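1. Build me a model:
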Amino acid sequence: MDQTIDYYNLNAENFIENTRNVDMHLAQDKFLHLLNEGAAILDFGCGSGRDTKYFLDKGYQVTAIDGSAELCRLASSFTGIEVKEMLFQELDDMGTYDGIWACSSILHLPKVELLSVICKMCMALKDSGVIYTSFKYSDFEGVRNGRYFIDFTEASFKEFIAKIPELTIEEYWITDDVRPGRGDERWLNLIL
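-> Residues are numbered from 1 along each chain as shown. Predicted coordinates for the structure are as follows:
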């Protein structure tokens, strides 16, 4: 995990340049459609702050965290709210959020840590809360381009979360990467 955080600290501005203006409104709106107006959202690994800003602009209460100090600094400046520097494993809120947005973020956890983090996410949600998350679409696990990744297909993810009976996959869909030059990459999007 340290290697991945180091990557983001060293490449924060380049990362933001490649992600901040990416149009995610279809996934964002699908997620927001499941929440009440003004609901409490945790942007879990907020990166550039793109989604935090979108949710704030729509009137939602947003708490944003990221493990990279540099991304926290830049995202705070962009969104106008304080972004808390925190590792996913440190989440200890109970029944706080209506929704957790984990867009391309928890995919940096090793499989052995991911399950306990997803359990912490469930604990942090209010009853009938909603999680959106996304993973690269394949069966790869390991270091790729200086960062740790775990990828899933719908079948491998379904098998993976079977150990958390209170969590159900409400919907999933596959998308192409919307960043320039990444059209050959595919993503598994999940509403839990």
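2. CA only for contacts and neighbour counts going forward, please
-> Fine.
3. Pull up the gap between the residue nearest to E154 when sequence neighbours are not counted and D139, please.
-> Across the structure, with C-alpha to C-alpha, 6 or more residues apart in numbering as the measure, the residue nearest E154 apart from its sequence neighbours is L188 (7.1 Å). Distance, L188 to D139, using C-alpha to C-alpha, to the nearest Å: 11 Å.
4. Tell me which stretches of this structure form strands.
-> For the chain, the strands defined by DSSP state E cover 40-44, 61-66, 83-85, 97-102, 125-136, 141-144, 147-150, 171-176, 186-191.
5. Output the below-cut-off pLDDT ranges for the protein.
-> Along the chain, the parts satisfying pLDDT under 70 run over 1, 178-183.
6. Spatially central residue for it, please.
-> Closest residue to the average C-alpha location of the chain: A102 at 1.8 Å, with C-alpha atoms, centre = their mean.
7. thought that one was touching F135?
-> No. Using C-alpha atoms under 8 Å as the test, A102 is too far from F135 to be in contact (9.7 Å).
8. quick revisit: could you export the strands of the chain as JSON lines, including distance to L10?
-> Compiled in JSON lines, the strands of the chain are given as follows (distance: least, C-alpha to C-alpha, whole Å):
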{"stretch": "strand 40-44", "distance to L10": "20"}
{"stretch": "strand 61-66", "distance to L10": "14"}
{"stretch": "strand 83-85", "distance to L10": "16"}
{"stretch": "strand 97-102", "distance to L10": "22"}
{"stretch": "strand 125-136", "distance to L10": "22"}
{"stretch": "strand 141-144", "distance to L10": "16"}
{"stretch": "strand 147-150", "distance to L10": "12"}
{"stretch": "strand 171-176", "distance to L10": "27"}
{"stretch": "strand 186-191", "distance to L10": "25"}
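9. out of those strands, which comes closest to Q3?
-> strand 147-150 (6.5 Å; C-alpha to C-alpha).
10. Neighbours of A12, how many?
-> Neighbours of A12 under the rule other C-alpha atoms under 10 Å: 23.
11. how close does it sit to M123?
-> Spatial separation of A12 from M123 under the definition C-alpha to C-alpha is 30 Å.
12. What helices and strands are in contact with the longest helix anywhere in the chain?
-> Using DSSP state H, we find that the single longest helix of the chain is helix 2-19. Counting by 3 or more C-alpha pairs under 8 Å, 6 or more residues apart in numbering; DSSP states H and E, the packing neighbours recorded for helix 2-19 are helix 69-79, strand 147-150.
13. Among those, which comes closest to Y60?
-> That would be helix 69-79 among the helices and strands packed on helix 2-19, by C-alpha to C-alpha, at 12.9 Å.
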